[in-house]
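Colleague: okay, sequence plus prediction incoming.
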Amino acid sequence: MRRSHKEIAQGVIRSLETYVRAVGPQALGWYGDEEGDWQELDTAGWDHIWRELRERNGLIVELRDTPSGAGQYGFDYYGKSLDTPFFRNNPGAVCAVSFWLPPEYLEKHGPIRVRELALELAAPLPFNSGHASLAFNALMELLGVSTELRPWCFRYPGMDVPDLSAHSMSIGTRIQGAYWLTFLGQPVLGELGGITGLRSRLSSPDISVQDMGEERALVTLGTWPDAGDTEQGHALPLHRELARVLEPWLHQRRIPWNGFTQEDMRRWERRFLD
């Protein structure tokens, strides 16, 4: 979201409340403090989080189900005051938020419920773009993890590799890619010709475009999220069709992940185009 935190704080709070209701209050039990240590998310901890979201001009919020390992449930938020000198001259800086669900949640509740939840989470947010996808849940900051992950990325192109911190400093109003659920706002949706223009560019009957109001749309690729499998020749044609439409607005990462060369990074970002 290319908006300052103060403009969107209430929307982020509403989305977090929706998430907690969906996964249950016990799903999140820890939060990261300003020193980088994990603190128990008890009543006092929640009071602290809500107060910080309401009162701060900018902040980082990390909530987890466990203080160790990758975990299953999580909430990350990078809130910025974009009119401060540090961000004023960086058009790529945004406020960004993510919500985690384990695969067991998808298996238990089904893709229709997960899609409904994604819509509920996105509804209060004035997003420029967003997505929901199967993802590798890995501690990318640890040495060697991204190198180990590299071959799995290229085998399963429908997976996401979350890197919210880096993207919140560089994506601006561009699009990260084509995913099972791809949320489009302004300016990209307008440059595509709005809902009507977007629909006219997509021909597959398995791709749906939903008008979310306030010049926002959700593109859904099939019923279930699909990881694909290049070794089995499953190349995700729906993702490819959407990626071709979005290509002029795709974000390109300047610095590759550890364990990836610059060519690896380009190949990953263009995996549905080349």
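Modeller: Sure, I can see it. Not measured: the values here are computed from a predicted model. Numbering: from 1, shown residues only.

Colleague: now do the buried residues in stretch 98-107.
Modeller: Within stretch 98-107, the residues scored as buried using 16 or more other Cβ atoms under 10 Å are S98, F99, W100, L101, P102, Y105. Backbone N, C-alpha and C define where each C-beta goes, glycine included.

Colleague: ditto for stretch 10-25
Modeller: G11, V12, S15, L16, T18, Y19, V20, A22, V23.

Colleague: hmm, back to that, just the buried residues of stretch 98-107: which are in helices?
Modeller: Those of those mapping onto helices are Y105, per DSSP state H.

Colleague: can you give me the strands for this structure?
Modeller: For the chain, the strands defined by DSSP state E cover 30-32, 38-40, 59-64, 74-79, 96-100, 129-132, 181-184, 207-213, 216-221.

Colleague: so where is the stretch 1-150 of the chain shaky, pLDDT-wise?
Modeller: Across the stretch 1-150 of the chain, nothing is flagged by pLDDT under 70.

Colleague: which residues touch the spatially closest residue to G74 that is not a sequence neighbour?
Modeller: The spatially closest residue to G74, leaving aside those adjacent along the chain, is W100, at 3.9 Å (Cβ to Cβ, 6 or more residues apart in numbering). Shown in contact with W100 (Cβ atoms under 8 Å, 6 or more residues apart in numbering): G71, Q72, Y73, G74, F75, N137.

Colleague: and C95, by the same measure?
Modeller: C95 makes contacts with M1, R3, S4, H5, I8, V12, Y77, Y78, G79, K80, L82, S168, as judged by Cβ under 8 Å, 6+ apart.

Colleague: Serialize those residues to TSV and add fields for distance to A44.
Modeller: Below are those laid out as TSV (distance: Cβ to Cβ, whole Å):
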residue	distance to A44
M1	29
R3	30
S4	28
H5	23
I8	25
V12	21
Y77	20
Y78	24
G79	21
K80	26
L82	31
S168	28
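
Colleague: let's have the strands of the chain in a markdown table, adding distance to P162.
Modeller: Shown next, in a markdown table, are these (distance: least, Cβ to Cβ, whole Å):
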| stretch | distance to P162 |
| --- | --- |
| strand 30-32 | 16 |
| strand 38-40 | 19 |
| strand 59-64 | 13 |
| strand 74-79 | 8 |
| strand 96-100 | 6 |
| strand 129-132 | 10 |
| strand 181-184 | 14 |
| strand 207-213 | 23 |
| strand 216-221 | 19 |
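
Colleague: L59 touches H5, doesn't it?
Modeller: Yes: if you go by Cβ atoms under 8 Å, L59 and H5 touch, sitting 7.0 Å apart.

Colleague: what touches both of those two?
Modeller: Shared contacts of L59 and H5 (Cβ under 8 Å, 6+ apart): G79.

Colleague: okay, these two: which has more neighbours?
Modeller: Using other Cβ atoms under 10 Å as the criterion, L59 and H5 rank with H5 on top: 20 against 17.

Colleague: what residues are up against G190?
Modeller: E215.

Colleague: rewinding a little: wait, which of the contacts of W100 is closest to L192?
Modeller: F75 (30.2 Å; Cβ to Cβ).

Colleague: just give me the neighbour total for that closest one.
Modeller: Using other Cβ under 10 Å, F75 has 22 neighbouring residues.

Colleague: which residues does it bridge with?
Modeller: Note on F75: beta-bridge partners L63, F99, judged by DSSP bridges.

Colleague: wait, which of the contacts of C95 is closest to W38?
Modeller: Nearest to W38 among these is Y77, at 16.3 Å by Cβ to Cβ.

Colleague: now that closest one: closest residue in space that isn't a chain neighbour?
Modeller: Using Cβ to Cβ, 6+ apart, the closest residue to Y77 is V61 (4.3 Å).

Colleague: measure the one you found to N90 for me?
Modeller: Computed as Cβ to Cβ, to the nearest Å, the V61 to N90 distance reads 21 Å.

Colleague: again with I60
Modeller: Where N90 is concerned, I60 sits at a distance of 17 Å (Cβ to Cβ).

Colleague: compare these two (neighbour count), which wins?
Modeller: I60 (16 against 13).

Colleague: grab the nearest non-local neighbour of the more buried one.
Modeller: Distance criterion Cβ to Cβ, 6+ apart; nearest residue to I60, sequence neighbours excluded, is Y78 at 5.7 Å.

Colleague: thanks a lot, catch you later.
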